[in-house]
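A.B. asks: Build me a model from this:
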Amino acid sequence: MNYSHLLHQTIIASVLAGNEILKVYDTKFDVEYKDDKSPLTLADKNASEKIVEELKQFNIPVLSEEGKHDDFETRKTWEKLWIVDPLDGTKEFVKRNGEFTVNIALVENNIPTLGVIYSPVFKDLYFAAKGIGSYKIDRDSFSSFIDSIETSTIEKLLNVAQKLPILSNRENYVVVASRSHMSTETHQHIETLKLNHQHVEIVSTGSSIKMCWVAEGVADEYPRFGPTMEWDTAAGQAILQEANASLIDFETKQPMKYNRENLLNNWFIAKR
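C.D. replies: Coordinates of the predicted model:
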């Protein structure tokens, strides 16, 4: 498995999908609502199609939030699959606050081994792969690559990337919470943390950037005591794992497993 080549192509796919999203973001787009009342836009659909097109060269099946979902009898035979959220944070997209991402993960034998999370508006890129490590390229460094991403090598990208975690001297215990999905249980968990840590600081953002902040070291943990799906967390978990952090399933007390029969995640805590 050439993770370097896979990672490079996944980064390209994420940026091209991000470009598709921005084409819609700059227009008066329509919003549909799925059966679970979550919003769906043309940006979700176009980004999903672009990612599938870019990754089809690997002949690895794709499980995308916006694609057709194969039944478990078929999926359980897959040793490898892509798990994709082409636009994570559609509520933030609709609000136009920029806090949404493209999430792409490679899962092998139920474990994420590669992940890319890209912010099309803010131009931050987080990526990781087994044996390569976990990295961030911030907007100042990455903006110059976007128009030439298809001809940029993985070596050039790694040259400007920062290896995660990025150490800091902060003393506060930082908890990152959802912008749009803060549950009562999360509030209670934070109150418990305040008993164990002298200074607890709460920061909020949308989408999977929360997991990236834990991997980076900007935050210490991200508790999610509410519903998420496999495509919401797979890429983030890969980035966390390669940065010596974790995403632990609240019920099994083990790292989250993927390509399950039920694609709805248990509650979890992402933690340094």
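A.B. asks: Which residue ranges of this protein form helices?
C.D. replies: 3-25, 42-55, 72-75, 90-95, 139-142, 154-160, 184-196, 209-216, 230-242 (DSSP state H).
A.B. asks: I'd like those written out as TSV, with mean pLDDT added.
C.D. replies: As requested, these are arranged in TSV below (pLDDT from 0 to 100):
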stretch	mean pLDDT
helix 3-25	96
helix 42-55	93
helix 72-75	96
helix 90-95	85
helix 139-142	95
helix 154-160	97
helix 184-196	90
helix 209-216	97
helix 230-242	98
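A.B. asks: Does Leu167 touch Gly217 like I think?
C.D. replies: Yes - in this structure Leu167 lies within contact range of Gly217 using CB atoms under 8 Å: 6.2 Å. C-beta coordinates here come from the backbone N, C-alpha and C atoms, glycine included.
A.B. asks: These two: which is more packed in?
C.D. replies: Between Leu167 and Gly217, Gly217 has the larger neighbour count (other CB atoms under 10 Å), namely 18 against 7.
A.B. asks: mind listing what the more buried one touches?
C.D. replies: Counting by CB atoms under 8 Å, 6 or more residues apart in numbering, Gly217 touches Leu164, Pro165, Ile166, Leu167, Ser168, Ala243, Arg272.
A.B. asks: separation between Thr233 and Val214?
C.D. replies: Per CB to CB, to the nearest Å, Thr233 is found 12 Å from Val214.
A.B. asks: cool, Leu240 as well?
C.D. replies: 6 Å.
A.B. asks: re the thing from before, redo the helices of the chain as JSON lines? Include mean neighbour count and distance to Asn172.
C.D. replies: Putting the helices of the chain into JSON lines (neighbours: other CB atoms under 10 Å; distance: least, CB to CB, whole Å) gives the following:
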{"stretch": "helix 3-25", "mean neighbour count": "21", "distance to Asn172": "31"}
{"stretch": "helix 42-55", "mean neighbour count": "21", "distance to Asn172": "35"}
{"stretch": "helix 72-75", "mean neighbour count": "12", "distance to Asn172": "42"}
{"stretch": "helix 90-95", "mean neighbour count": "20", "distance to Asn172": "25"}
{"stretch": "helix 139-142", "mean neighbour count": "16", "distance to Asn172": "24"}
{"stretch": "helix 154-160", "mean neighbour count": "15", "distance to Asn172": "29"}
{"stretch": "helix 184-196", "mean neighbour count": "13", "distance to Asn172": "11"}
{"stretch": "helix 209-216", "mean neighbour count": "28", "distance to Asn172": "13"}
{"stretch": "helix 230-242", "mean neighbour count": "28", "distance to Asn172": "20"}
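A.B. asks: all strands of the stretch 51-200 of the chain, in order?
C.D. replies: 62-64, 80-88, 101-108, 111-118, 125-129, 133-137, 162-163, 173-178, 200-205 (DSSP state E, counting those that start in this stretch).
A.B. asks: got a list of what Val84 touches?
C.D. replies: When contacts are counted by CB under 8 Å, 6+ apart, Val84 touches Ser48, Ile51, Val52, Val62, Leu63, Ser64, Glu65, Gly67, Asn103, Ile104, Ala105, Trp231.
A.B. asks: Could you say which one of the strands of the stretch 51-200 of the chain comes nearest to Leu42?
C.D. replies: Each of those has some distance to Leu42 by CB to CB; the shortest is strand 80-88, at 10.2 Å.
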